[in-house]
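Chemist: Next come a sequence and a model predicted from it.
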Amino acid sequence: MDSLEQNIAKRVEERTDRIVETLSDLVRFPSIVLSDPTKAGPGERDCQLYLQQRLEALGFTTDLWEPDGPALYEKYKGRPGANKGRTFVGRPNLGGVLRGNGSGRSIMLNGHIDVVPPSAAEHWKTEPFTPVLQDGKLYGRGSVDMKGGVTCMLMAIEVLKELGVPLSGDVVFTTVVDEEIGGMGSLAMVDRGFKADAGIMTEPTANRIAPLCHGVVWGRIVIDGIGGHAELTPRAWYEAGPVDAIQLCRQMLDGIDILNRRWMTDPRKMHPLMDMPNQIMVTQMQAGEHPASTAGRAEIVIDAQYLPSEKDEFGLGGHVKREIEEHIAFVCQADPYLRAHPARIEWILDADCAEVPAEHPFVQTMQGACAATGLSPVLAGFGPHSDIGLPSGLGETPTINFGPGDPTQAHQANEHLAVSDLVECTKAIAIAVARWCA
């Protein structure tokens, strides 16, 4: 680490209180993404206005806008990030540009400010949107996913400005909404024209460089049974039932387990940077109409992963969808009722994935910055989905995931982030920007 980078690291440590204060400010905004994507979360706009003010104080030219969801959908229908029914009234995106002298490479720092609902209050030891600093950790909804990363982005640039570090390339700063329900905010950001020579999306990776993320498809498996009195001896299904949809669910869940076991040893479902092969996770179930009635209908919601090597011609998970559809059809063939009344799958969402090659110059720059700050330069996969596919693909901005915090804390009650992670991440981002944009 040269003297400039030593000064950067030292200044970041000196600004620890300011870093914690910034994350605390962000956590206080209840920028919840609502299940109804036509409605604004209570704190989304206010959070973006706060960040806009901070950016403008640093000399950024900013752009705060509410995307036109229906127009975006029509423009990109069938492509990554295009989700029907989204509106952005009261849910603005924010972009800013800090101009370099024009002779260097540019970088985009990107994050999302929407957070998932905090879940049941009794599961929390603190108020979800009241930041609490305890034992070197900051507690609050969004601290890990991903306002901690947004804090590091902002503070890295603030430190570089305080030190007067000259940058030849532009710094592009973008914070989006809608990430937690499909990524149309990132699509709107790319469509707006925000791009750079390389990018960092500060999703929580435990301060590891993750140039790869999964794609995901969400689907709803619908099983139609025949309702009837649960306490009577049932007739045969071909004599008008009843047929218990919950019992059929058990068969379908067994079938999903069989496919998961097959994927565990399928090389197409594995990547050397990923800890586990792709899997299908059952995330929601709904069945039954009355305590004394056999269920006439059941729904199983699944979340299935795919890799960049499995993308279809549209950059999405069409191949994996067909694979799951064919397997469900086979499961139905094993049961006489389902053979006559097969389950059907309704696809809810398809969120794309991306991979930046290990030999890309920015990946190597980031590895050098991590090594300089004592963080591991070893590359890792990011198991959950993130939006890096949209800037990397459509936006032509090769983007990696790199951010503070244990990703398993995301969406959990008592979500918390170690202050030391914040500080080390801020150092690495600041040094990476100084190296890349110099």
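Modeler: Yep, it's here. Nothing here was measured: the structure is a model prediction, and the numbers come from that model. Numbers count the residues shown, from 1 in each chain.
Chemist: Please make it C-alpha for all contacts and neighbour counts, starting now.
Modeler: Will do.
Chemist: What strands flank the helix or strand residue 95 falls within, and is each parallel or antiparallel?
Modeler: For residue 95, the element it lies in under DSSP states H and E is strand 93-98. Strand pairing for strand 93-98, determined by DSSP bridges: strand 61-65 (antiparallel), strand 171-176 (antiparallel).
Chemist: Averaged pLDDT, the helix or strand following the longest one. What do you get?
Modeler: Downstream of strand 171-176, the first helix or strand assigned by DSSP H and E is helix 184-191. Rounded to a whole number, the mean pLDDT of helix 184-191 is 96.
Chemist: how much space between the residue most central in space within the chain and residue 403?
Modeler: By Cα atoms, centre = their mean, the mean C-alpha position of the chain lies nearest to residue 386, the distance being 3.6 Å. Taking Cα to Cα, to the nearest Å as the measure, residue 386 falls 12 Å from residue 403.
Chemist: what do these two both touch?
Modeler: Listed as contacting both residue 386 and residue 403 by Cα atoms under 8 Å, 6 or more residues apart in numbering are residue 203.
Chemist: Where does the prediction get shaky in the chain?
Modeler: For the chain, the stretches flagged by pLDDT under 70 are 1, 235-240.
Chemist: How is it partitioned into domains?
Modeler: 3-208+378-437, 214-351 (automatic domain parsing).
Chemist: What is the burial count for the residue nearest to residue 103 when sequence neighbours are not counted?
Modeler: Nearest residue to residue 103, sequence neighbours excluded (Cα to Cα, 6 or more residues apart in numbering): residue 168, at 5.2 Å. Neighbour count of residue 168, defined by other Cα atoms under 10 Å: 18.
Chemist: is the closest residue to residue 341 other than its chain neighbours in a bridge, and if so with what?
Modeler: Spatial nearest neighbour of residue 341, excluding adjacent residues (Cα to Cα, 6+ apart): residue 224 at 7.4 Å. Residue 224 has these beta-bridge partners by DSSP bridges: residue 297.
Chemist: just residue 175 next, same as before
Modeler: According to DSSP bridges, beta-bridge pairing links residue 175 with residue 94, residue 111.
Chemist: Can you classify the residue nearest to residue 103 by secondary structure?
Modeler: coil (DSSP: H, G, I helix; E, B strand; the rest coil).
Chemist: Which residues are in contact with it?
Modeler: Contacts of residue 168 (Cα under 8 Å, 6+ apart): 100, 101, 102, 103, 104, 105, 437, 438.
Chemist: So the second one versus residue 167, what's the distance?
Modeler: By that I understand residue 101. Taking Cα to Cα, one finds residue 101 at 7 Å from residue 167.
Chemist: Between those two, tell me which one has more neighbours.
Modeler: residue 167 (24 against 12).
Chemist: tell me the contacts of the more buried one?
Modeler: 100, 101, 104, 434, 437, 438.
Chemist: Kindly report the same for residue 84.
Modeler: For residue 84, counting by Cα under 8 Å, 6+ apart, the contacting residues are 69, 70, 73.
Chemist: Same check on residue 284?
Modeler: 300, 301, 302.
Chemist: Would you verify that it is located in a helix?
Modeler: No: counting by three-state DSSP, residue 284 falls outside a helix, being strand.
Chemist: does it have beta-bridge partners, and which?
Modeler: residue 301.
Chemist: For it, give its distance to residue 247.
Modeler: From residue 284 to residue 247 the distance is 16 Å (Cα to Cα).
Chemist: Could you do residue 94 as well?
Modeler: 49 Å.
Chemist: what about these two, which has more around it?
Modeler: For the pair residue 94 and residue 247, the greater number of neighbours falls to residue 94 (24 against 13), based on other Cα under 10 Å.
Chemist: about what we covered before: which of the contacts of residue 168 fall within helices?
Modeler: Judged by DSSP state H, the contacts of residue 168 include residue 437 as members of helices.
Chemist: Most neighbours among the contacts of residue 168, which one is it?
Modeler: residue 437 leads those on contacts (other Cα under 10 Å) with 22 neighbours.
Chemist: And residue 152, its phi and psi?
Modeler: The phi/psi pair for residue 152 (degrees, to the nearest 10) reads phi -60, psi -40.
Chemist: Next, the closest residue to it other than its chain neighbours: secondary structure please.
Modeler: Nearest residue to residue 152 in three dimensions, chain neighbours excluded: residue 426, at 4.6 Å (Cα to Cα, 6+ apart). The three-state assignment at residue 426 reads helix, by three-state DSSP.
Chemist: what's the answer for residue 37, then?
Modeler: coil.
Chemist: which residues does the spatially closest residue to it that is not a sequence neighbour contact?
Modeler: Spatial nearest neighbour of residue 37, excluding adjacent residues (Cα to Cα, 6+ apart): residue 86 at 5.3 Å. Residues in contact with residue 86, defined by Cα under 8 Å, 6+ apart, are 37, 38, 69, 70, 184.
Chemist: Is residue 86 part of a helix or strand, or is it coil?
Modeler: coil.
Chemist: Adjust the sequence numbering to begin at 140 for everything that follows.
Modeler: Fine by me, first position is 140 from now on; the one you just mentioned is residue 225.
Chemist: And it, its phi and psi?
Modeler: phi -80, psi 140.
Chemist: what about the strands in the stretch 240-389 of the chain?
Modeler: 246-251, 271-273, 276-278, 310-315, 337-340, 348-363, 367-368 (DSSP state E, counting those that start in this stretch).
Chemist: Columns distance to residue 395 and mean neighbour count on top of these, output as JSON lines?
Modeler: Formatted as JSON lines, these follow (distance: least, Cα to Cα, whole Å; neighbours: other Cα atoms under 10 Å):
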{"stretch": "strand 246-251", "distance to residue 395": "32", "mean neighbour count": "26"}
{"stretch": "strand 271-273", "distance to residue 395": "41", "mean neighbour count": "14"}
{"stretch": "strand 276-278", "distance to residue 395": "36", "mean neighbour count": "23"}
{"stretch": "strand 310-315", "distance to residue 395": "34", "mean neighbour count": "25"}
{"stretch": "strand 337-340", "distance to residue 395": "33", "mean neighbour count": "26"}
{"stretch": "strand 348-363", "distance to residue 395": "11", "mean neighbour count": "24"}
{"stretch": "strand 367-368", "distance to residue 395": "27", "mean neighbour count": "17"}
